[in-house]
Structure formats: structure tokens, C-alpha cells
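Visitor: Need coordinates for the following:
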Amino acid sequence: MARRIFIVAAIVGIALAALCTWSWPHGYVAWLFVLPVVFLGVVDMAQDHHAIRRNFPLIGRLRYVFEAIRPEMHQYFIESDTNGTPFSREERSLVYQRAKGQLDTVPFGTRHNVYAEGYIWIDHSLQPLHIHDEPRIKVGGPACTQPYEASILNISAMSFGSLSPTAVRALNGGAKDGGFAHNTGEGGISPYHLEGGDLIWQIGTGYFGCRTHDGDFDSALFSENAGRESVRMIEVKLSQGAKPGHGGILPAAKVTPEIAAIRNVPLGKDVLSPPAHTAFSTPKGLLEFVARLRELSGGKPVGFKLCLGQRHQFLAIVKAMVETGLTPDFITVDGGEGGTGAAPLEFTNSVGRPLFDGLAFVHGALVGVGLRDRITIIAAGRVLNGFDIAVRLALGADLCYSARGMMFALGCIQALGCNNNTCPTGVATQDPGLYKGLVVPHKRQRVKNFHASTIRHFFDIIGAAGCLHPSELKPTMVHQRMGDNRVVSFAELYGTVEPGALLNGPVPEHYAEPWQRAQADRF
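Guide: Numbering: from 1, shown residues only. As a prediction, the model looks like this:
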């Protein structure tokens, strides 16, 4: 029916254009409108790739127009302050306000249903305290000769290539100005990471910045880069929350001379990031690799990052620590809710243990073998405000990373174009026409502001809970409402482990089976 209507309309349009040409000196102008429209309609009917366009000439094209602007239409006209995803307008607005130094209080009470399943809160004290100075958290175990005094909140791993040059410069400049650390992501240390901020150099399975041309680990190149004064910590990435166990390929067409130099990869060839490391294949091998990196770096803190998956495999690493005496200086725990520029939907939605579950398990395992005081735990995944930090520290973390929070501070509007190079704010794109719109001096100030404000509100929260130091936060202070209207503490929900319990017993029920399966010489 639609095809017939188009054909009739096209004939009528052509007839009217001909009539205008015959009766009006400038009537030829009508053809400028009629011919392109008729041509597009004919193309729609002739093509055989899209049934909608073939069945509904011209009108069918509107579907693709609406799909293209759907995220913006939904964000600005449909979603409420609290129901947007991955982050609500309320959450995004809070970051924008704090980054800009604007008023960030809210009127008229909470917009959240405090009796809904999943609602979380922290208990306050009738003797609240005021904390004047931000304590720094020491990262570095007994074998570390250059420990790092870290901020409670730092910039999470985001590589140059995923983020634009101007975004990376603004993040690193903000880290310098605010006195916190900037994780490079696994893409290597670029010139844009050298604005003076402290770096956490992340090394992934591709060993970018410390690899041979064949993709193996290069100890000499590692020592050269790890010896930079700005590199304060080294993080070996085993997996990340948004796509754990998933490798990747950077096509040869995207390997620019700049990226080739930064990652130490050859031009004209695909660059492989395999799912697993080649420098080690066992838990003991991982710890030996960590110890080797610590030595090659001159004694800087070295740790590893993972999203918890099969629990016995992490406990195998813990058993290897006990047997060898080798320990990392820190462990970063990411959650399945973590973000990324691009990942398969199956991995983003359905692979990897959520952060709270993984964080509590990792903390409990280290307590259970008496090694918790030697290893700093860093929590990554959905950290936007002071309460987010407090909850993660109550579950066992010592400090936190934030990725998307820092992106919002740069001006990200959650346009969801990170994976197609069309980020309108110039944050997650390599298009110069877009990223040159991100003015580094202004944005680095906003990153600094967001960090400072978030830290201040975090200490206000723990002071209200009666704590003088972040280490005093306990899982018994945080509560969650369950579906049957029960209220349980995080200690009840995620369990606790007595010091030494995994070695001396009794082994907690939720550790018993994976602890028995774990072996220090294989994953």
C-alpha cells in the first residue's frame, strides 16, 4: 500500500513540477525539490537490504533518524531524575555541579523510595565527628622500598585511544593539581599522560609499552618506563569488570604512528590483546611476575587487578601467597557493573561477579590467611559520590577508583557514543574535530574540583557515622532492605571471616568448597 501511495505521489509531484515549469518563468525550481525526493524513493524500493525502506519508501527512513537520536530523546524528554541508565540524571548532575563548583544540595527530601527492595543506607552516630585533613593511604608491602601515599579516590584505568588526547591531558593535569593518582589503562604511557600527575601504570595482556614486537614481555623496556618519576605504582590487569576474560584486536588501519610508538607495536599489523597473559600461567607464576616487576621498577608498589570470577582461582592465588611468602602490594577489585568504551553485550550484562560480592570475598580471603595488613585493596566500579566510597570501604576496600565519574567531570553527557568515535563532548573520541572542543585548562580544574568535593563529602559521611579514620568503617554500619521488607547489614549479607580462619579453621561455609579446590600451582 505504501509503495502504491509513493508511486502515485511521485507521479503527481512530477506533473506539478512540469506544470510549474510551463506556467511560471522560475518554475524549474520545483524540480530541485521533486527530483531528489523521487530519486530517494526509487532507491528505497529498488534496494534489497532493508525491508522497512523497501516497503515504505521515504517514510521508512524516519526509523533510522529516530534511532539515531533515540538516546538524546530519551535522556532529555523521557527519563526522570532517578531512572536513567547506566547513571541517572540525579547522579550525573551531582558530578557536574561539584566539578563546576556550583550549589550541589537538594531541596524537599529524597526522591528515592526508602522502603523499596535494595535501598542502602549507612547508620549515623549521635556523637558525630569532624575530620579536618584527608589521611593518605600507604600502598606498599614489606618488599616494597618505594611505597606510595595514595588519595582515597583516584582516576580509574582508561587508555589513550579509548579517551582522546585532550581528555587524558585534562585528567592527568587534574590529578596533579588535586594530589591524586591517574591510572593509564592498558594502552601504555602516552605523551598526554605527562602533565605532572602521579601515574599508576597498568599492564595488560598486550604488554603495551613493555613488549617485544612479537608480543612477549620485555624486561628492559619495562624498566625504562617503570623508572619514570611520574610512575608511582604498577598494576597487572588480569581482567576488568565490563569484559572479563575477553581479549581484543586493534585493526592495522587504526594503528597510527603515534599509537605504534606508545604501545611499541609495528605499523601495518593487527595488534592482539589476548584473553590471558603469556608471562605466567599459574598462581605462583603470577606472584613471581609481580615480584619481578617490583624488582625491575626499583621497589615501587606492584599489584594486580581482577574482576572476581571462579572463586577457587582467586583462592589459589591466596594459597600461593601463603606457600611462597610472595605478596602483591595491592589488589584492585573490579565489578561486573564496571564500564568500558566497547564490549560485547553478553560480557557487559552477564559475565563477572558484581563488585560488592567480589570485594567482600577478596577482603575476607586475605583476612582468613592473615595477610590483609600487607595488601591494600582498591575498589573500582560505579564510584560517583562520597557515599559510594563509604560503602566500598565498609566492605573491605582501602581506597577507590572512579572512571565514569571522572568522565562526567570532563563534561561527558552519557551520549553512549564511546564505541563509534562520535562522542560529542570530545572525551571518548579520536576525531580532532570533536576532541579539540575539550579545553584542557578548564577541564583539569573541573576534575580537581570533583575529586576535592567528593572527598570532602566522604569524610563528612564517615564523621557522621562516628569514625575518625576510613579504616573504622565496618560492614555492620551499612544496611540494605530486602524484598520481604527485612533489613540486613552488609556483614550479614556478604559474610565475615575471622582472622586466620582459612588456615586454622573453622572455614566459613561460603569459602569451604572453593578453598578445598584451590591449588597454588594451577588456576
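
Visitor: Can you read off the pLDDT for the residue nearest the centre of the chain?
Guide: Closest residue to the average C-alpha location of the chain: Gly339 at 3.8 Å, with C-alpha atoms, centre = their mean. At Gly339 the predicted local distance difference test score is 70.

Visitor: give me phi/psi at the closest residue to it other than its chain neighbours?
Guide: Leaving out its chain neighbours, the residue that sits closest to Gly339 by C-beta to C-beta, 6 or more residues apart in numbering is Arg404, at 5.0 Å. Placement of C-beta: from N, CA and C, glycine included. Note on Arg404: its backbone torsions stand at phi -70, psi -30 [degrees, to the nearest 10].

Visitor: Arg404 and Phe523: what is the separation?
Guide: Arg404 is 30 Å from Phe523, where distance means C-beta to C-beta, to the nearest Å.

Visitor: neighbour count winner among those two?
Guide: Neighbour tally, Arg404 and Phe523, criterion other C-beta atoms under 10 Å: the higher count belongs to Arg404, 23 against 16.

Visitor: Confirm for me that that one is in contact with Leu384.
Guide: Yes - taking C-beta atoms under 8 Å as the contact criterion, Arg404 and Leu384 are neighbours in contact, 7.5 Å apart.

Visitor: Would you mind listing the residues touching both of these two?
Guide: Phe87 (C-beta atoms under 8 Å, 6 or more residues apart in numbering).

Visitor: tell me the pLDDT at the residue lying closest to Asp334 once chain neighbours are set aside?
Guide: Leaving aside its sequence neighbours, Asp334 sits nearest to Gly241 (C-beta to C-beta, 6+ apart; 3.7 Å). The predicted local confidence for Gly241 comes out at a pLDDT of 71.

Visitor: so which strand or helix has Gly241?
Guide: Element membership for Gly241 (DSSP states H and E) is empty, with no helix or strand holding it.

Visitor: That one is in contact with Ala379, isn't it?
Guide: No - Gly241 lies out of contact with Ala379 (C-beta under 8 Å); the separation is 10.8 Å.

Visitor: Could you measure from the closest residue to Met45 other than its chain neighbours over to Val447?
Guide: For Met45, the nearest residue in space outside its immediate sequence neighbours is Pro57; the separation is 5.3 Å by C-beta to C-beta, 6+ apart. Distance, Pro57 to Val447, using C-beta to C-beta: 50 Å.

Visitor: For these two, work out which one has more neighbours and name it.
Guide: Each of Pro57 and Val447 has its neighbours counted (other C-beta under 10 Å); Val447 has more, 29 against 24.

Visitor: What separation do you get for that one and His26?
Guide: Distance check for Val447 against His26: by C-beta to C-beta, it reads 58 Å.

Visitor: One more: His50?
Guide: When distances are taken as C-beta to C-beta, His50 and His26 turn out to be 37 Å apart.

Visitor: Repeat that for Leu62.
Guide: As judged by C-beta to C-beta, Leu62 and His26 stand 31 Å apart.

Visitor: more neighbours, the two?
Guide: Looking at Leu62 and His26 with other C-beta under 10 Å, you find the greater number of neighbours at Leu62, namely 11 against 8.

Visitor: Which secondary structure state is assigned to the more buried one?
Guide: helix (DSSP: H, G, I helix; E, B strand; the rest coil).

Visitor: and the gap between the residue nearest to Asp334 and Phe108?
Guide: Distance, Gly241 to Phe108, by C-beta to C-beta: 35 Å.

Visitor: try Ser159
Guide: Distance from Ser159 to Phe108, by C-beta to C-beta: 42 Å.

Visitor: Neighbour count for the two, which is higher?
Guide: Just comparing Ser159 and Phe108: by other C-beta under 10 Å the higher neighbour count belongs to Ser159, 22 against 5.

Visitor: Doesn't Glu235 lie inside a strand?
Guide: Yes - the assignment for Glu235 by three-state DSSP puts it in a strand.

Visitor: tell me the domain ranges of the protein?
Guide: Per the record, the chain has its domains at 2-70, 137-517, by automatic domain parsing.

Visitor: can you pull the buried residues of stretch 401-419?
Guide: 401-414, 416-418 (16 or more other C-beta atoms under 10 Å).

Visitor: thought Gly352 was touching Val333?
Guide: No - taking C-beta under 8 Å as the definition, Gly352 is not a contact partner of Val333, at 10.9 Å.

Visitor: joint contacts of those two?
Guide: With contacts taken as C-beta under 8 Å, 6+ apart, Gly352 and Val333 have Cys307, Leu308 as neighbours in common.

Visitor: what about these two, which has more around it?
Guide: Using other C-beta under 10 Å, the more surrounded residue of Gly352 and Val333 is Val333, with 30 against 27.

Visitor: which neighbours does the strand or helix carrying that one have in its sheet, and in what orientation?
Guide: Taking DSSP H and E as the criterion, the element that holds Val333 is strand 330-334. For strand 330-334, the paired strands and their directions (DSSP bridges) read strand 302-307 (parallel), strand 376-379 (parallel).

Visitor: Please name whichever of those is nearest to Cys210.
Guide: strand 302-307 (12.6 Å; C-beta to C-beta).
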